[in-house]
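# this one's sequence-less:
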């Protein structure tokens with residue numbers, strides 16, 4: 001049975017709290033969070049990258065596929081881990097190794113009956129088409145355990161090794177996007193040439209703007225992009241736009257930033273999700289003049305107001321994540337650096353109310369918490385955490401836990 005339904009039977013649902021710029025009326029105070037101590041399993045070697053972000057893909061068989069980059073004393077590589085629907089680690093392996101540079105934000109998308117890893121980097125081999133810093137890809141079958149470096153590229157310019165993303169457009173064409181400093185750049189399709197001969201397209205962030213941590217998602221036949229603008233002016237904050245649908249129609253998330261407010265950049269890809277049943281949603285930190293995260297908000301892109309996420313008023317929240325669940329539900333997650341715990345809360349089917357806030361203990365021996373991602377597309381909440389544990393010679397590694405059944 002779904003976590004939302006099971007917990008709601010014991011604890012009254014928590015509605016969004018009334019704050020400036022958020023939708024609320026006659027709502028109750030949040031219930032005391034339920035504490036969860038899940039079984040965390042280490043699904044990677046020590047990766048060497050702090051602040052990196054893995055690529056996640058849940059396939060129709062229920063398996064969760066995770067691709068993650070690693071830096072072993074300058075030997076840059078890309079790896080995979082496969083988890084069963086019940087959360088058991090089935091396999092780990094290497095996609096490629098021995099590169100001079102590798103994308104720290106790789107993406108994983110469907111490719112026919114299999115999957116495609118999309119990433120940029122440089123192989124270090126002089127004269128190789130894989131050594132110029134374009135977006136490349138590697139493909140695998142449904143099991144995701146035998147990988148082949150694919151020909152061609154998915155960008156004309158050279159994207160950065162962070163602040164990039166990829167998704168499938170309506171119709172199944174891969175689209176890459178990345179920070180071009182003052183613009184969101186994107187490229188449609190796989191070009192047989194390296195670099196791609198087709199030009200990239202740029203969406204300006206405006207004067208003095210700086211695009212950080214972009215994300216892409218397809219929702220109701222439309223590809224959406226979202227990013228954080230670090231301008232330091234009235235344009236600072238979280239933005240969303242429909243990609244290649246004609247004239248840009250940029251929308252700013254309510255309360256997400258502005259002149260005189262703290263910089264609330266996410267430090268990982270923007271928490272963006274397509275809700276089953278309709279709607280493109282962002283979760284983000286709402287800053288104050290003092291705090292980078294006064295609270296976490298959930299916003300349906302284009303709406304005039306956002307909902308305040310209950311239990312998110314700690315003085316040191318961050319690493320916000322968002323995932324769609326069956327039946328229209330959404331899960332919002334964030335890390336509480338004051339208490340060193342993960343919080344998570346699920347909406348109702350209409351995404352208008354919140355259930356019980358869960359407090360989830362992170363992997364043991366926490367030294368530094370560097371990333372938070374989630375996938376609940378099959379029902380249970382699967383959590384991927386990038387954490388450095390205490391101990392001599394430790395470096396960040398990926399851990400997985402599953403909540404619910």
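The structure has been received and is ready for your questions. For clarity, every value in this text was computed on a predicted model and none was experimentally measured.
# Just give the number of residues close to residue 37.
11 (other C-beta atoms under 10 Å). Where C-beta positions appear, they are placed from N, C-alpha and C, glycine not excepted.
# OK, contacts around the nearest residue to it once chain neighbours are set aside?
Using C-beta to C-beta, 6 or more residues apart in numbering and skipping the chain neighbours, the partner closest in space to residue 37 is residue 361 (4.8 Å). Counting by C-beta atoms under 8 Å, 6 or more residues apart in numbering, residue 361 makes contact with 35, 36, 37, 38, 341, 342.
# And those residues, which is closest to residue 176?
Among those, residue 342 lies closest to residue 176 (C-beta to C-beta), at 29.7 Å.
# returning to that earlier point: could I get the contacts of residue 361 as JSON lines with pLDDT and secondary structure?
Below are the contacts of residue 361 laid out as JSON lines (pLDDT from 0 to 100; DSSP: H, G, I helix; E, B strand; the rest coil):
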{"residue": "35", "pLDDT": "94", "secondary structure": "strand"}
{"residue": "36", "pLDDT": "94", "secondary structure": "strand"}
{"residue": "37", "pLDDT": "95", "secondary structure": "coil"}
{"residue": "38", "pLDDT": "96", "secondary structure": "coil"}
{"residue": "341", "pLDDT": "97", "secondary structure": "strand"}
{"residue": "342", "pLDDT": "98", "secondary structure": "strand"}
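# Now render these as a markdown table, adding distance to residue 77.
Formatted as a markdown table, those follow (distance: C-beta to C-beta, whole Å):
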| residue | distance to residue 77 |
| --- | --- |
| 35 | 37 |
| 36 | 33 |
| 37 | 32 |
| 38 | 28 |
| 341 | 31 |
| 342 | 28 |
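# Neighbour-wise, which one of those leads?
residue 342 (25 neighbours).
# Poorly predicted segments of the protein, please.
For the chain, applying pLDDT under 70 flags the ranges 1-32, 245-248, 405.
# The spatially most central residue of it: what secondary structure?
Nearest to the geometric centre of the chain sits residue 269, at 4.6 Å (C-alpha atoms, centre = their mean). Following DSSP: H, G, I helix; E, B strand; the rest coil, residue 269 is assigned to coil.
# Tell me the spacing between it and residue 179.
Going from residue 269 to residue 179 by C-beta to C-beta, to the nearest Å gives 11 Å.
# Kindly report the same for residue 373.
19 Å.
# ok, the helix or strand hosting residue 331: who's next to it in the sheet?
Taking DSSP states H and E as the definition, residue 331 sits inside strand 330-336. According to DSSP bridges, strand 330-336 forms sheet pairs with strand 317-324 (antiparallel), strand 341-346 (antiparallel).
# which residues touch the closest residue in space to residue 338 that isn't next to it in sequence?
In this structure, residue 338 finds its nearest non-sequential neighbour in residue 316, 4.2 Å apart by C-beta to C-beta, 6+ apart. Residue 316 sits next to 293, 336, 337, 338 when contact means C-beta under 8 Å, 6+ apart.
# likewise residue 388?
When contacts are taken as C-beta under 8 Å, 6+ apart, residue 388 is in contact with 50, 367, 368, 370, 394, 395, 396, 397.
# now residue 229
Counted by C-beta under 8 Å, 6+ apart, residue 229 has contacts 205, 206, 209, 210, 211, 212, 235, 236, 237, 238, 239, 257.
# who wins for most neighbours among the residues you listed?
residue 238 (31 neighbours).
# Could you give the bridge partners of it?
residue 228.
# With residue 118 instead?
residue 107, residue 137.
# Distance-wise, check it relative to residue 150.
10 Å.
# so what sits against both of those two?
Common neighbours of residue 118 and residue 150 (C-beta under 8 Å, 6+ apart) are 136, 137.
# Which of those two has more residues huddled nearby?
Ranked by neighbour count (other C-beta under 10 Å), residue 118 and residue 150 place residue 118 first, with 28 against 16.
# what residues are up against the more buried one?
Contact analysis of residue 118 by C-beta under 8 Å, 6+ apart lists 55, 106, 107, 108, 109, 135, 136, 137, 154, 166, 174, 176.
# What helices and strands are in contact with the helix or strand harbouring residue 186?
Assigned by DSSP H and E, residue 186 belongs to strand 183-188. Packing partners of strand 183-188 (3 or more C-beta pairs under 8 Å, 6 or more residues apart in numbering; DSSP states H and E): strand 174-179, strand 201-204, strand 211-219, strand 222-229.
# Now do the third one against strand 222-229, angle only.
Direction vectors for strand 211-219 and strand 222-229, defined by axes from the mean of the first three to the mean of the last three C-alpha atoms, to 10 degrees, enclose an angle of 160 degrees.
# Repeat that for the first one.
If you take the same axes, to 10 degrees, strand 174-179 sits at 20 degrees to strand 222-229.
# what comes into contact with strand 174-179?
Under the contact criterion C-beta under 8 Å, 6+ apart, strand 174-179 has outside partners 107, 109, 116, 118, 135, 137, 154-155, 159-160, 163-169, 184-190, 210-214, 216, 223, 225, 227, 243.
# where do the contact lists of residue 269 and residue 179 overlap?
213, 214.
# if we can go back for a sec, tabulate the strands paired with strand 330-336 in JSON lines, adding columns for distance to residue 404.
Listed next are the strands paired with strand 330-336 as JSON lines, based on distance: least, C-beta to C-beta, whole Å:
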{"stretch": "strand 317-324", "distance to residue 404": "12"}
{"stretch": "strand 341-346", "distance to residue 404": "9"}
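# so the residue nearest to the centre of the chain makes contact with residue 212?
No. Counting by C-beta atoms under 8 Å, residue 269 does not reach residue 212; the two are 9.8 Å apart.
# sorry, back to before: show the backbone phi and psi for the residue nearest to residue 37.
phi -70, psi 130 (degrees, to the nearest 10).
# ok so, going back, for residue 251, state which of the contacts of residue 388 is nearest.
residue 370 (29.6 Å).
# What angle do strand 317-324 and the strand or helix carrying that closest one make with each other?
Using DSSP H and E, residue 370 sits in strand 366-375. Going by the same axes, to 10 degrees, strand 366-375 is angled at 20 degrees with respect to strand 317-324.
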